Structures are given as C-alpha cells and as structure tokens.
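J.: Sequence plus predicted model, see below.
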Amino acid sequence: MATLTRITLLVMLVHLLINCILMSQANEQPSVRNSSSPVATNGQLFPWNKRRLPDWTVPLLYILHIHPNLTTLNFTGSVTIQLLIKKETSFVILHSKGLDINQATLLGENAGSILSGKVLHILEYPEHDQLALQSPEPLLPGMVYSIQINFSSVLAEGFSGFYKSTYKTKDGEVRVIATTDFEPLDARMAFPCFDEPAFKANFLVNILREKHHIALSNMPKIKTIELDDGLVEDYFDASVKMSTYLVAFIVCDFKSVTAITSSGIKVSIYAAPDKWDQTHYALEVAVKLLEFYEQYFNIYYPLPKLDLIAIPDFQSGAMENWGLITYRETALLYDPMTSSASDKLWIMKVIGHELAHQWFGNLVTMEWWDDIWLNEGFARYMEVVSVNGTHPEIQIDDYFLSVCFGAIARDSLVSSRPISNPAETLSEIEEMFDAVSYDKGGCILNMLRDFLTEDVFHSGIVRYLRKYSYGNARNQDLWTSMASTCSEEDFTSGGYCYTASQSRKNAYLYAGEHIDIKEMMNTWTLQKGIPLIIVEHHGKVIRLRQERFLKILQDDPEWISLQAGYYCLPFA
C-alpha cells in the first residue's frame, strides 16, 4: 500500500512538472513569436520577417495595366503576375510601397484548378515594403499560378517611383507628364512586384491615356484601342527577361527625331515640343555608339527600338531603363547656339554610359546591390572605350586620368568602403551609388585591362556577357570569366587564352608566372583603400613594400589599424 502511494505521488509530481513546463513554454511563446514575427497593419502576424523575399516563389510574367490621370494626379492599375511555385506555401510575399491594394485574386494556370478565382487575404508590412497574399489552400510546388492585384495611388511628388514632372512652354503654360524612375527599390511604388534584381521576368505593359498624349515603355507599341470614355489604351510588346528596376513607362506630349542603325534598330530622341530642335546631336551620337557597342561586344542589342528621352525634372544624370533611357535635359539636349564644347562631351559620355548599361546591367545584372559596381564600374570604363572608339580625336584618356585621381582621393579617406560591400537597407543601397562603385570600379577595370592586355580582357568580358545573358552575376563570376577566356576545346597551350582548369599550367608571357586573377582582384574589390608602393634602393638591392594610402599622418592612432590587409600587385 505504501509503495502504491509512493508511485501515485511520483506520477502526480511528474504530471505537475510537465504541466508547469508546458505552462512556462506557453507563457514564453508569445514573446518569442512577437520578437521574430512582424505585425501587419491590421494587427495580424505577418508571415515573413526578412527584408529579402523568399526564393520559392518565382515571377515569370507581369501583365500590367496602368492609367495615370494627369488632371487628378493619381493612377489606377492592375497587375497579373504569373508565378512558379518551388516550395509548398500558403503565402505569396512581394513588394508594395504607398499603394492602396484594393483586391487580390488567385488564378490557377493549370486546367481545373480549384483555386481559380479565389480572393486572397491581404496583409501589409510597410516597414519592409512587403505584401503577403494568403491563399485559402496551399500552393503546390512545380505548379504555375497567376495572381491579379488591383491597386491605386497618387503620382509621387519627388523623383522616384511613378512621379509627376512638369515643364513650361514658351507661352508660360505649365504642362504635366507622368514618368518613372525605379532604381534601386522604387518599382514597388508603381505596381506590386518582386522588386529585387534577381527576380527577372517578362513584362507586358498596357497604358491608358488621353488622345493628345503619347505613351512610351520599354518595348514598341503594337496596337492602340479607342475606348468609349474618350481614352485610348496602348499595348506594348512583351519585353525580354529583365529586373523590375529597369521597367519604365511615360505619358507625355513630347516630340521626337528618329534614325535607324545599320542593324535595323530604331533610335529615337524625345523632348518637350519647344526643345525638339535640340535633339539632333544626341541622335547622331546614340546611333554611332549603339553600332559601336554591337560590334565591340559581338552581341546584338536585343530590342527592336531604343528611346532616349529628356525629362524636365530628373534627379540623376540618366537612368538606363532597357529600351527607354531617361535623361536629365542637360545630359541629352544640345543647342548649337548656346551649348559649350564641354556640354557636347558631357552628352557623349552620358549616352555612352547608359548605352553600355544595355549590356552591363540590363543583359547581365548584378545579383544584389552589394555588387552594383558590376553595372556602374563597367559603364564608367566603357565611356572611355566607346568615345575612344568613335571619336579618338577627343583624347578622353586625359579626362579618365582625372577620374582615377578623384577615386584615389575618395578612397584615401578613413570613411571609404570596399567596392563590393554588404548592403541591405535602402540607405545602405543608395550609399553604394558613389565614386567607389563608379570611378574606382572603372579604374580598376582599366588597370586589369592594361595587365591582361586588351585582347585577353576583351575576350573575358564578352565571355562574361554571353554566359550570364538575361541572368544575374556576382563579383566572383566576373573574375572566373576573366580567367577562362576560351572553352576547353579552344585552349591553346602557351598563349593568353586559357581555361580555369588549365590556367595553372599556363603563364602570362610577360609576367613570368601564373597570376590567380580572382585572388588578385579580390584584394582590390573586397577591401577598401589603395596601396602606396614604397621603393627603397640600397646598392644592388631594391626593396618594395606597400602600405595603404591614407590622408592621415602615421602618428594618428588609427593609422596602424587601417594598414591590415594587402593588395596583390603583379610586377614584370
């Protein structure tokens, strides 16, 4: 009996202990969950807690209908996004910023889908500009679905997203246009989307407008339909596969001049009607540079048209939207009566920069913004190559030397950063668009070309463009392409052309030993600063050493700590 009592008490104690543990866990769970799960605007838990979107929902196609009202200065639209599901999920997470989401509907692409027409539950988390659409049934891996989202907003007052721009006619009349500028994170201000560069997709854009306006987008217009309410709707051809930040659409009353390149590309320059006569020089330059790039890269420009448009209110010098490049007026318009020679060179350089982006940035896009220099550094470098190739009399190398000295000055500051640098938030990403990405990036490419020789360097970048066309690349992918400038079957022993697997058996003819390009260039792109080479000569002995070049004195307390690391410098 005593034994039975002890067993009963033991069971009761164990049961009590388990209950205490469960109660403790229950009490702790909400705080743990709250710390890891953000709260949506309606008070419900938002199902995703990271800034970057999950990778198991892949956009394939956007069908965008949008109507900017230039009288009320708002816009309405709907977007249908075709999705490939790679992992079972009940949520679709995407971006939206400042948009009023009216309704979201799920459509099954597969015949007989039970989910077709189902309304999705909408959750919004503005802190990450994210939208979660909840399906009543799980979305299955390997299946393709479409979601249709209806939305509205106002045309932005600034220079980002889908915004309002104005200009004055010669008579003093103020006219309004609607234009876009999406880089880096502002496509989400115009339509719900997967607004990260790695989520490339095709786009079909349809724009409603008044009859006295025109509409432009990345691709050529294929038809126009007149509607009963006096509006017209323009339908544009399907785009190539591209990132959301390269999408562009404009409603305006501008006029244009047009020419056709030798490969059949229609090039047009658009400007406000009163400035139409200032577009002819840009047209001449754009045609010549586009033909040069096609020949240099040995890759045709993939779109049937290229529009360049001068926007009255524009924040940066230009934006390389694929097929519809937007410019500040001073970077595109040239008046023979009032513009200077420096204006002429500036226009040529900016056009050369943006046209280079049609390959470096558009055709091959960095995987994430920490490698934005793969876009901007190459475009800066190609300014020099393109101007030298089309107008050698300008001697642009003198200008580029000053660019590199400016990059050295910027990089000698304690506050500098590596060319390839982690960036997650909007402010961190915007800080990447600086002299380090543009100027230092272009200068180290020029340095690498001088080391490898023009032929090897040129072969490497063409290989890089071909391998990653319509895709994304990282810093290391470029160096791999540079170190593998021909295929296995094309390998020629003892020359400059070698593959990564055979490179250690090879040698640069002038270097005397193999140089690991990736290892060498990582020292220039993954750490900040530039080296100062100190040469000491004692009799027959020459001693070389390096230290980081800094604009602080050696007795500064920070000087020693800033000397960590080294820069790989090949010597012949």
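T.: Nice, I can see it.
J.: how about the strands of the stretch 351-500 of the chain, start to end?
T.: Applying DSSP state E, counting those that start in this stretch to the stretch 351-500 of the chain gives strands spanning 364-366, 471-473.
J.: Is the closest residue to residue 75 other than its chain neighbours part of a helix or strand, or is it coil?
T.: Leaving aside its chain neighbours, residue 75 sits nearest to residue 68 (4.3 Å; criterion: CB to CB, 6 or more residues apart in numbering). Glycine gets a C-beta too; all of them are placed from N, C-alpha and C. Counting by DSSP: H, G, I helix; E, B strand; the rest coil, the backbone at residue 68 sits in strand.
J.: how long is stretch 154-162 end to end?
T.: End-to-end distance for stretch 154-162, by CA to CA, to the nearest Å: 9 Å.
J.: swap that for stretch 174-193, sorry
T.: End-to-end distance (CA to CA), stretch 174-193: 33 Å.
J.: mean confidence for stretch 349-361?
T.: For stretch 349-361, mean pLDDT rounds to 98.
J.: Outside of that stretch itself, list whatever touches it.
T.: 282, 285-286, 289-290, 293, 297, 299, 301, 306, 308, 317-320, 322, 325, 327, 331-332, 374-376, 378-380, 382-383, 386-387, 396, 465 (CB atoms under 8 Å, 6 or more residues apart in numbering).
J.: So which of those residues sit within helices?
T.: Judged by DSSP state H, the subset of the contacts of stretch 349-361 located in helices is 282, 285-286, 289-290, 293, 297, 374-376, 378-380, 382-383, 386-387, 465.
J.: Pull the contacting residues for the residue nearest to residue 75.
T.: Residues near residue 68 by CB under 8 Å, 6+ apart: 74, 75, 155, 162, 178, 207, 208, 209, 251.
J.: Kindly report the same for residue 562.
T.: Residue 562 makes contacts with 414, 529, 548, 550, 552, as judged by CB under 8 Å, 6+ apart.
J.: From those residues, list the buried ones, please.
T.: Neighbour-count burial (16 or more other CB atoms under 10 Å) applied to the contacts of residue 562 gives 529, 548, 550.
J.: Reformat the residues you listed into JSON lines and put secondary structure next to each item.
T.: Listed next are the buried ones among the contacts of residue 562 as JSON lines, based on three-state DSSP:
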{"residue": "529", "secondary structure": "coil"}
{"residue": "548", "secondary structure": "strand"}
{"residue": "550", "secondary structure": "coil"}
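J.: from these, which is closest to residue 392?
T.: Closest approach between these and residue 392, by CB to CB: residue 529, at 33.7 Å.
J.: end-to-end on stretch 385-401?
T.: For stretch 385-401, the first-to-last residue distance is 13 Å (CA to CA).
J.: neighbouring strands for the one helix or strand residue 64 maps to, and are they parallel or not?
T.: In the assignment (DSSP states H and E), residue 64 maps to strand 57-69. Strand 57-69 has the following strand partners under DSSP bridges: strand 74-85 (antiparallel), strand 202-210 (parallel).
J.: Residue 477 reaches residue 465, doesn't it?
T.: No: using CB atoms under 8 Å, residue 477 is not in contact with residue 465, being 11.1 Å away.
J.: tell me how far the ends of stretch 157-170 are from each other?
T.: End-to-end distance of stretch 157-170 (CA to CA): 24 Å.
J.: Go ahead and name everything in contact with it.
T.: With CB under 8 Å, 6+ apart as the test, stretch 157-170 has contacts from 66, 68, 73, 75, 97-98, 153, 155-156, 174-182, 186-190, 249, 272-274, 311-315.
J.: now with 7 Å?
T.: With contact meaning CB atoms under 7 Å, 6 or more residues apart in numbering, stretch 157-170 is reached by 73, 75, 155-156, 174-181, 186, 189-190, 272, 274, 311-315.
J.: Over to stretch 320-338?
T.: With contact meaning CB under 7 Å, 6+ apart, stretch 320-338 is reached by 179, 181, 216-219, 242, 246, 248, 271, 275, 278-279, 281-282, 303, 305-312, 314, 317-319, 343-344, 346-347, 350, 354, 357-358, 361-362.
J.: Can you turn the buried part of those residues into a ChimeraX selection?
T.: Restricted to buried positions by 16+ other CB under 10 Å, the ChimeraX selection for those reads:
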select :179,181,216,217,218,219,242,246,248,271,275,278,279,281,282,303,305,306,307,308,309,310,311,312,314,318,319,343,346,347,350,354,357,358,361,362
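J.: From residue 286, how far off is the residue nearest to residue 75?
T.: Here the criterion is CB to CB, to the nearest Å. By it, residue 68 lies 27 Å from residue 286.
J.: Could you do residue 292 as well?
T.: Distance of residue 292 to residue 286, given as CB to CB: 11 Å.
J.: Next: residue 62.
T.: Noted for residue 62: a distance of 28 Å to residue 286, by CB to CB.
J.: out of these two, which sits in the busier spot?
T.: Shown here are residue 62 and residue 286; by other CB atoms under 10 Å, residue 286 has more neighbours (28 against 22).
J.: quick one on the thing from earlier: what does the average pLDDT come to for the strand holding residue 64?
T.: Confidence for strand 57-69, expressed as mean pLDDT, is 98.
J.: From the chain's centroid, how far away is it?
T.: 18 Å (CA atoms, centre = their mean, to the nearest Å).
J.: Stretch 167-180 now?
T.: Offset of stretch 167-180 from its chain centre (CA atoms, centre = their mean): 30 Å.
J.: just stretch 349-362 next, same as before
T.: In terms of CA atoms, centre = their mean, the centre of stretch 349-362 is found 13 Å from the chain centre.
J.: Begin at 52 from now on, thanks
T.: Sounds good: first residue 52 from here, last item stretch 400-413.
J.: With only the CA atoms kept, save it in PDB.
T.: The C-alpha coordinates for stretch 400-413 follow below in PDB (Å, rounded to 0.1, in the frame of the first residue of the first chain):
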ATOM      1  CA  LYS A 400      29.800  60.400 -72.200                       C
ATOM      2  CA  VAL A 401      26.400  60.100 -70.600                       C
ATOM      3  CA  ILE A 402      24.900  58.500 -73.700                       C
ATOM      4  CA  GLY A 403      28.000  56.200 -73.800                       C
ATOM      5  CA  HIS A 404      27.500  55.300 -70.200                       C
ATOM      6  CA  GLU A 405      23.800  54.500 -70.500                       C
ATOM      7  CA  LEU A 406      24.100  52.500 -73.700                       C
ATOM      8  CA  ALA A 407      26.900  50.400 -72.100                       C
ATOM      9  CA  HIS A 408      24.300  49.600 -69.400                       C
ATOM     10  CA  GLN A 409      22.100  47.900 -72.000                       C
ATOM     11  CA  TRP A 410      24.700  45.100 -71.800                       C
ATOM     12  CA  PHE A 411      26.300  45.700 -68.400                       C
ATOM     13  CA  GLY A 412      23.400  45.900 -66.000                       C
ATOM     14  CA  ASN A 413      20.500  45.100 -68.300                       C
END
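J.: Helix, strand, or coil at residue 228?
T.: strand.
J.: Residue 426 touches residue 415, doesn't it?
T.: No: look at residue 426 against residue 415 with CB atoms under 7 Å: they stay out of range, at 8.9 Å.
J.: what's the nearest residue to residue 583 if we skip its chain neighbours?
T.: The spatial neighbour of residue 583 that comes closest, neighbours along the chain excluded (CB to CB, 6+ apart), is residue 600 at 4.0 Å.
J.: Distance of the one you found relative to residue 484?
T.: Separation of residue 600 from residue 484 (CB to CB) stands at 24 Å.
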